[in-house]
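Asks: sequence and predicted model, in that order:
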Amino acid sequence: MMLLRAVGSSIGGLCGLERWDLGGGGRSLNAVCALSWKWDAARNGGEKAFLKLVGDESSMVPISAAELDRVAMNGDPLEPGKWSRELNSLPKPLSAIDLVSSSQGSNVRVAYQGGPGAFSEAAALKAYPLCETVPCEQFEVAFKAVELWVVEKAVLPIENSLGGSIHRNYDLLLCHRLHIVGEVQLAVNHCLMALPGVRKEEIKRVLSHPNALAQCEFTLAELGVIRQNVDDTAGAAQTIASNNLRDAGAIASARAAEIYGLNIIGENMQDFANNVTRFLILAREPIIPGTDRPYKTSVVFTLDEGPGVLFKALAVFSLRDISLSKIESRPQRQRPLRVVDGLNNGTAKYFDYLFYVDFEASMAEPRAQNALSHLQELATFLRVLGSYPRDISECYPEDKFSNQSQNSS
Ligand SMILES: O=C(O)C(=O)C[C@]1(C(=O)O)C=C[C@@H](O)C=C1
């Protein structure tokens, strides 16, 4: 079964999504007919239109608005012989070179929260060095951008070594049906920056993302400045530059200082030098997990009440020698309290939780499959969020982190 998707998007956001089932074998002619039919709608909306032929979901071919123009100029799509030229523009078989560039993210659009120069953009570029990064105002917009085919991937922060979990993204993982296909760990060096000529002593307030301000809490307290939350670190730098704020500094990346023309007046502002943020890479489709490298699997589940249920749930992993790398619990928002019959004193009300667990095995391994079928017997709800390669790359280019952990052991 061949599918055709056309996505119209304007610079600022998504305008529409269409999906046709073309039936088997209709890839060429039917696809082009459907394209010229769709062209009017896309053009009239002043949109940049993309056509994606989907055999398996990985063989996407975007067609530009100029190509759409050319197809439309050719007139009646059913006129015999008209389409032989168009057939030449159909997807070509992948070459080894295509595979190398696609692993680098060439032609991949990656959404992140914040503006150019945000740490999340750096994480997206670490994951896909050749990708096109797409800034989003909120985390939720990045989730939706993937769901609505505006981008192929989103890279979003999930935890930081100083600040802990980014709970909003745990909650959003459950509200959306995206899959975790990878992770990126990024060393975060917070710089204090201000307009050229402004000295540290002149700064009365510091603007940044709340997570960034929290990571610099002690340092900023020593400076005695007022802290002001903004949507992202790069946005803080931009606000100072565009409003010519001489009494304010921003906590952001060195790249943000460069982009917005600010001077760096303090480096490594975070309370501990080795500050790392872990990001998740999200996509519409899961990857097929392998066993060729270290993998991680992320699941979320709920449990009934009863003695030792959480202990039993976690034992399914230890029984099979599977290490857990992270446990997080979040209250169940729609049903926060669970009423339980108390022994002697009537009923008690407890918070009801969702448990998020990352374990170090691939879903391709029988021990992981067995652990999850065991967990399913105990859980009232279980969802696999993704099984993906662990980020084992150097986080600090100079390997500062591992030297220090060796020294301290
Ligand atoms: O504001 C940014 O630059 C971001 O990318 C956001 C964010 C976060 O949400 O934690 C990402 C990395 C750092 O931990 C600080 C801020």
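Replies: Perfect, I can see it now.
Asks: tell me the residues of the protein that contact the ligand?
Replies: By C-beta under 6 Å from any ligand atom, the part of the chain that sits against the ligand consists of 114, 118-120, 157, 160, 166, 188, 209, 211-212, 232-234, 277. C-beta here means a position set from N, CA and C on the backbone, and glycine is covered the same way.
Asks: and those, which is closest to Ala194?
Replies: For Ala194, the nearest member of the residues of the chain next to the ligand is Thr233. The distance, counting by C-beta to C-beta, is 14.2 Å.
Asks: give the contact list for the residue nearest to Asp232 when sequence neighbours are not counted.
Replies: Spatial nearest neighbour of Asp232, chain neighbours left out: Gly114 (3.1 Å); criterion: C-beta to C-beta, 6 or more residues apart in numbering. Neighbour list for Gly114: Ser120, Glu121, Pro135, Cys136, His209, Asp231, Asp232, Thr233, Ala234, Gly235 [criterion: C-beta atoms under 8 Å, 6 or more residues apart in numbering].
Asks: check contacts around the nearest residue to Asp321 once chain neighbours are set aside.
Replies: Nearest non-adjacent residue to Asp321, counting by C-beta to C-beta, 6+ apart: Arg367, 7.2 Å away. The neighbours of Arg367, taking C-beta under 8 Å, 6+ apart as the test, are Arg320, Asp321, Ile322, Ala361.
Asks: the second one in helix, strand or coil?
Replies: The reference is to Asp321. Following DSSP: H, G, I helix; E, B strand; the rest coil, we place Asp321 in the coil state.
Asks: any idea how far it is from Ala371?
Replies: To Ala371, Asp321 is 10 Å away according to C-beta to C-beta, to the nearest Å.
Asks: comparing the two, which residue is more hemmed in?
Replies: Ala371 (23 against 10; other C-beta atoms under 10 Å).
Asks: what about the helices in the protein?
Replies: Secondary structure of the chain (DSSP state H): helices located at 29-44, 65-73, 84-88, 96-103, 119-127, 139-147, 167-175, 210-215, 217-223, 233-243, 254-260, 309-318, 366-378, 400-408.
Asks: could you tell me the least trusted of those?
Replies: The minimum mean pLDDT among the helices of the chain belongs to helix 29-44 (a mean of 29).
Asks: just put the contacts of Arg367 in CSV and tack on distance to Pro286 and pLDDT.
Replies: Below are the contacts of Arg367 laid out as CSV (distance: C-beta to C-beta, whole Å; pLDDT from 0 to 100):
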residue, distance to Pro286, pLDDT
Arg320, 22, 98
Asp321, 24, 98
Ile322, 19, 98
Ala361, 16, 98
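Asks: now the stretch 251-400 of the chain against the ligand: closest residue?
Replies: Distances between the stretch 251-400 of the chain and the ligand by C-beta to the nearest ligand atom are smallest at Thr277, namely 3.8 Å.
Asks: tell me who's in contact with the residue lying closest to that residue once chain neighbours are set aside.
Replies: Distance criterion C-beta to C-beta, 6+ apart; nearest residue to Thr277, sequence neighbours excluded, is Asn160 at 4.6 Å. By C-beta under 8 Å, 6+ apart, the contact list for Asn160 reads Ile166, Val188, Asn211, Gln215, Asn275, Val276, Thr277, Arg278.
Asks: what sits against the residue of the stretch 251-400 of the chain closest to the ligand?
Replies: Residues near Thr277 by C-beta under 8 Å, 6+ apart: Phe119, Ala123, Pro157, Glu159, Asn160, Ser161, Gln185, Leu186, Val188.
Asks: mind running it again at 6 Å?
Replies: By C-beta atoms under 6 Å, 6 or more residues apart in numbering, Thr277 lies in contact with Pro157, Asn160, Leu186, Val188.
Asks: could I get the pLDDT score of it?
Replies: pLDDT, Thr277: 98.
Asks: got the angle for the lengthiest strand in the chain vs helix 366-378?
Replies: Taking DSSP state E as the criterion, the chain has its longest strand at strand 379-389. Between strand 379-389 and helix 366-378, the angle comes out at 160 degrees (axes from the mean of the first three to the mean of the last three C-alpha atoms, to 10 degrees).
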